[in-house]
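Student: Build me a structure from this.
(chains A and B)
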Amino acid sequence: MQPGVVVDHLFRHEAGRLTATLLRVLGPRQLEVAEEIVQETLLQALESWKVGPLPDNPAAWLTRVAKNRAIDVLRRRATTKKYEPDLAAAFQVQALQQRVDAHFDGEVDDDVLRLMFSCCPPSLPRAAQVALILKTLCGFSVGEIAAALLVTPVSMERRLSRAKTALRDHGLVDVDSAREREARIGGVRQAVYLLFNEGYHGAHPTQTSRDDLCGEAIRLGGILANHPATTSPTNHALMALMCLHGARLASRTDLGGALLTLQEQDRAQWSPALLRLGYAHLQQSAAGDDVTAIHIEAMLAAVHAAAPTWAATDWRRIVDLYDVLVDLQDTPITRLNRAIAIGQRDGDVVGLAALDDVDDAHGRELAAYPFLHAARGGCLHRLGRADEARAAFQQAHATARSDAERAFFAAKLQR
Amino acid sequence: MTDYLLLMRHTGNPMAQLSPEETQQHLQQWGEWMGALAQAGRLKGANPLTNVGAVVGKDVVTDGPYAEAKDVVGGFVLVACESLEHAKQTARGCPVVALGGIVEVRETAPAVGM
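Tutor: Residues are numbered from 1 along each chain as shown, chains lettered A, B, ... in the order given. As a prediction, the model looks like this:
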């Protein structure tokens, strides 16, 4: 009667896999039924496992229980049809067991991939796509999604209900069709990247559940990069980018939860496993003729990851990469990051001038983004222009998006 | 050491509100609680109870395991304790308590002649 330990996030991940498979078996209109079956399956596991030993293969156990429940649902549905002179339905009953068996054997990544694409109909706003992915594929409750994406549970419930309607109306995407894949892959990639960014940079006031979002994005990104239907240099680049940034998650805050800059982070805390995975995907991204913004961002992350210290960072290479990135994706934030890198390469006088150029050109667009002011404040501080530095950090403090950011800028103000 | 019967009671099904992650955490807590009891050699028996059952009286037999639906016995654990105080302390660690359930603690008496 010695209880065992279930691997981390098993329930969450199995919930996603089972939902994906059940939707294929039951049809995309049956999302609620699928979610109910998954919920009942997990509760049955809880009841059976809490006082006894775990089954040898908990995931297989969950699959078997969900499968049997799905067969029950289909059988009940077939029975209600029995009174119709519908030969096809009768035939379906006989073939039912076989059909369900076939669906549940293997093809798991296929199902997850299919549902990932199906969660991203072009008509749906990106944020709603992310919420739908978290609900169906990542086993998040409405409350957990609302907390992670900084929305009230009520409005998240509404957003999800619209998203589920869109999923029902559009049906499941045929990921075997290259045309359907091509039409959506850009959107799917963006949704996964947004999921990662919500975890990594999101305006979340507390730390909880952020790392989870990054972990889920990396899990789904791994399927995009490795599945035969979707593997591509760009999807490898996305995976490289997420792994190389994700490797730094543990070092991004100090013990008190305060934000640390890249310069202040303890590089010994960076996850060697994620770094290795990131480099491996980066290598696989270097193929074909396309160089995308994601490629460049992944290479930037790799330069930082490879630097033994902040001072030893190859800033020349970083500025070069930002030059390419500005060509590919000219946004105020790209230009801001490039200006910061120029300051590191050429010193604070040149860096401040570069930042002021960005402020002149894009000040209005970046008005609500604290890091332009923060970067200017840093340069001014090092140049001994204390009053101006103070004013800049005050602006940064006023636009901070979370308690951690506010505390971070408040500390700068006290120097 | 005397054996105490711990009866887990809850109203409705608080577990149905949990997300997959929370369900797993709850399972984890059970594993830790039961594991500690087993390790100490105090665990004498345990089983969850299903919702299949009946209530039998002299003149009446009803379906369902409970006379009152609002108060469901979800499972039991038989555990060796030093005293009632010790048993209460053990019961407080039971994961159903954290979910708003209650644990009924009963001292068992040896049956005479057995």
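
Student: how deep is the nearest residue to A:R252 once chain neighbours are set aside tucked in, by neighbour count?
Tutor: Leaving aside its chain neighbours, A:R252 sits nearest to A:L260 (6.1 Å; criterion: Cβ to Cβ, 6 or more residues apart in numbering or on different chains). Quick note: C-beta positions are derived from backbone N, CA and C, even for glycine. A:L260 sits with 14 neighbouring residues when counted by other Cβ atoms under 10 Å in any protein chain shown.

Student: swap in the one 3 residues further on?
Tutor: A total of 11 residues lie near A:Q263 under the criterion other Cβ under 10 Å.

Student: repeat for A:L31
Tutor: A:L31 has 22 neighbouring residues, counting by other Cβ under 10 Å.

Student: Over to A:H170?
Tutor: A:H170: 16 neighbours (other Cβ under 10 Å).

Student: Now it: closest residue in space that isn't a chain neighbour?
Tutor: Leaving aside its sequence neighbours, A:H170 sits nearest to A:P121 (Cβ to Cβ, 6+ apart; 4.4 Å).

Student: For that neighbour, give its distance to chain B.
Tutor: For A:P121, the distance to chain B equals 25 Å [Cβ to the nearest Cβ, to the nearest Å].

Student: just checking, that residue touches A:L167?
Tutor: Yes. The pair A:P121 and A:L167 qualifies as a contact (Cβ atoms under 8 Å) at a distance of 7.2 Å.

Student: if you count what's nearby, which of these two comes out ahead?
Tutor: Set side by side, A:P121 and A:L167 show more neighbours around A:L167, with 23 against 19, by other Cβ under 10 Å.

Student: Enumerate every residue touching the more buried one.
Tutor: A:P28, A:L31, A:S118, A:C119, A:P121, A:L132, A:T136 (Cβ atoms under 8 Å, 6 or more residues apart in numbering or on different chains).

Student: Find the nearest non-adjacent residue to the last one, please.
Tutor: Just to be clear, that refers to A:T136. Leaving aside its sequence neighbours, A:T136 sits nearest to A:T19 (Cβ to Cβ, 6+ apart; 5.1 Å).

Student: List the contacts of the one you found.
Tutor: Counted by Cβ under 8 Å, 6+ apart, A:T19 has contacts A:L31, A:A34, A:E35, A:V38, A:L115, A:T136, A:L137, A:G139.

Student: And the next helix or strand past the strand or helix carrying it?
Tutor: In the assignment (DSSP states H and E), A:T19 maps to helix A:10-26. Downstream of helix A:10-26, the first helix or strand assigned by DSSP H and E is helix A:31-49.

Student: Send me that next one as PDB with only the CA atoms.
Tutor: C-alpha atoms of helix A:31-49 as PDB (Å, rounded to 0.1, in the frame of the first residue of the first chain):
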ATOM      1  CA  LEU A  31     -15.800  19.700 -26.700                       C
ATOM      2  CA  GLU A  32     -17.900  19.800 -23.500                       C
ATOM      3  CA  VAL A  33     -18.500  16.000 -23.600                       C
ATOM      4  CA  ALA A  34     -14.800  15.500 -24.100                       C
ATOM      5  CA  GLU A  35     -13.800  17.700 -21.300                       C
ATOM      6  CA  GLU A  36     -16.300  16.000 -19.000                       C
ATOM      7  CA  ILE A  37     -14.900  12.600 -19.900                       C
ATOM      8  CA  VAL A  38     -11.400  13.800 -19.100                       C
ATOM      9  CA  GLN A  39     -12.500  15.300 -15.800                       C
ATOM     10  CA  GLU A  40     -14.300  12.100 -14.800                       C
ATOM     11  CA  THR A  41     -11.300  10.000 -15.800                       C
ATOM     12  CA  LEU A  42      -8.900  12.100 -13.700                       C
ATOM     13  CA  LEU A  43     -11.300  11.900 -10.700                       C
ATOM     14  CA  GLN A  44     -11.500   8.100 -11.100                       C
ATOM     15  CA  ALA A  45      -7.700   8.000 -11.100                       C
ATOM     16  CA  LEU A  46      -7.600  10.100  -8.000                       C
ATOM     17  CA  GLU A  47     -10.000   7.800  -6.200                       C
ATOM     18  CA  SER A  48      -8.200   4.600  -7.300                       C
ATOM     19  CA  TRP A  49      -4.700   5.800  -6.700                       C
END
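
Student: Run the angle between it and helix A:10-26 for me.
Tutor: Calculated by axes from the mean of the first three to the mean of the last three Cα atoms, to 10 degrees, helix A:31-49 forms an angle of 140 degrees with helix A:10-26.

Student: in helix A:31-49, what's buried?
Tutor: For helix A:31-49, burial by neighbour count (16 or more other Cβ atoms under 10 Å in any protein chain shown) applies to A:31, A:33-35, A:37-39, A:41-47, A:49.

Student: Next up, the contacts around the residue of the stretch 201-350 of chain A found nearest chain B.
Tutor: Per Cβ to the nearest Cβ, A:D212 is where the stretch 201-350 of chain A lies closest to chain B, at 8.0 Å. The contact partners of A:D212, by Cβ under 8 Å, 6+ apart, come to A:A148, A:G199, B:E21.

Student: Would you mind measuring from it to B:N47?
Tutor: For A:D212, the distance to B:N47 (Cβ to Cβ, to the nearest Å) stands at 34 Å.

Student: same thing with B:K58?
Tutor: B:K58 is 28 Å from B:N47, by Cβ to Cβ.

Student: Report the buried members of the contacts of A:D212.
Tutor: By 16+ other Cβ under 10 Å, the contacts of A:D212 give A:A148, A:G199, B:E21 as buried.

Student: and the helix or strand harbouring the residue of the stretch 201-350 of chain A closest to chain B, which residues are buried?
Tutor: Assigning secondary structure by DSSP H and E places A:D212 in helix A:210-226. Judged by neighbour count using 16+ other Cβ under 10 Å, the buried positions of helix A:210-226 are A:210, A:212-225.

Student: State the next helix or strand along the chain beyond it.
Tutor: Next along from helix A:210-226, by DSSP H and E: helix A:233-246.

Student: Show me what the next helix or strand after that next one is packed against.
Tutor: Per DSSP H and E, the first helix or strand lying C-terminal to helix A:233-246 is helix A:272-285. For helix A:272-285, the elements it packs on are helix A:210-226, helix A:233-246, helix A:293-306, judged by 3 or more Cβ pairs under 8 Å, 6 or more residues apart in numbering or on different chains; DSSP states H and E.
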